[in-house]
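Colleague: Build me a model from this:
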Amino acid sequence: MARYIGPKTKIARIFGEPIIGNGKYLSKNSNPPGQHGANRKRKTLGEYALQLREKQKAKYTYGILEKQFRNTFNEAARRRGVTGENLIKLLEARLDNTVFRMGIAPSRQAARQLVSHKHITVNGEVVNIPSYSLKAGDVVGLKEKSAANTSVTGNLRGKNSKFNWLDWNETEMKGTFIAYPERESVPENIKEQLIVELYSK
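Modeller: As a prediction, the model looks like this:
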């Protein structure tokens, strides 16, 4: 299963923000990676570079490689409405992202592992596909055997109240994907319009 397994701090330094992980080392060294670091001759990025960087930021944030990201974009373009906003909605509706948002896992990488190892159910059925796209009303929860496993439940941290498109019942260890989120509700610092412009070339 394809995923990024390289150094997380390097990615954080590229974008100057904690894309993967908590970015605790950014305060020590926030220079871009590479031989020349902050002394690179070209200080300002061109239009294409800005668009490409925004796409890379979205891919690293949601843990997706190029082919799957392109397919998600194509699906967003086919749907009614603003393509950029549709793209963010589809990324947020991924099962691994929803497991992370509900507080079942501490990170998207951990959520992906829970899904792949068959700990997560959707509407009562085990689903082990991290990219599974949820629909409004789908119920996500821990498998009964997994709910009794302390190594799984030990990472539960509860849903953040600002994610109003999700509902989480800590007693039943189940949550509902209420609806696709509005763009202003998603906290990720991604300029999706630049991604649309890049793919429109």
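Colleague: And the helices in this structure?
Modeller: Under the criterion DSSP state H, helices of the chain are mapped to 8-15, 47-62, 66-78, 83-92, 95-101, 108-116, 144-147, 150-153, 192-199.
Colleague: which one of the ones you listed is the most hemmed in?
Modeller: helix 95-101 (a mean of 24; mean count of other CB atoms under 10 Å). Quick note: C-beta positions are derived from backbone N, CA and C, even for glycine.
Colleague: I'd like the average pLDDT over that one.
Modeller: The pLDDT scores in helix 95-101 average 94.
Colleague: which secondary structure elements does it contact?
Modeller: helix 83-92, helix 108-116, strand 120-122, strand 138-142 (3 or more CB pairs under 8 Å, 6 or more residues apart in numbering; DSSP states H and E).
Colleague: now the angle between helix 108-116 and the last one, please.
Modeller: Taking axes from the mean of the first three to the mean of the last three CA atoms, to 10 degrees, one finds strand 138-142 and helix 108-116 inclined to each other by 90 degrees.
Colleague: Now the residue most central in space within the chain: closest residue in space, sequence neighbours ignored.
Modeller: When CA atoms, centre = their mean is applied to the chain, the residue found nearest the centroid is Y62 (2.7 Å). Using CB to CB, 6 or more residues apart in numbering and skipping residues adjacent in sequence, the residue nearest Y62 is L91, 4.9 Å away.
Colleague: Please tell me the pLDDT value assigned to the residue nearest to the centre of the chain.
Modeller: In the predicted model, Y62 carries a pLDDT score of 92.
Colleague: for S30, same thing?
Modeller: At S30, the model reports a pLDDT of 61.
Colleague: ditto for R42
Modeller: So R42 comes in at 57 (pLDDT).
Colleague: For the protein, which residues score under the pLDDT cut-off?
Modeller: Within the chain, the stretches with pLDDT under 70 are 1-3, 21-43, 159.
Colleague: domain parsing for it?
Modeller: 8-90+188-199, 96-179 (automatic domain parsing).
Colleague: Count the residues that sit near Y132.
Modeller: 17 (other CB atoms under 10 Å).
Colleague: shouldn't the residue nearest to the centre of the chain be in contact with A111?
Modeller: No - contact criterion CB atoms under 8 Å: Y62 and A111 do not qualify, at 10.8 Å.
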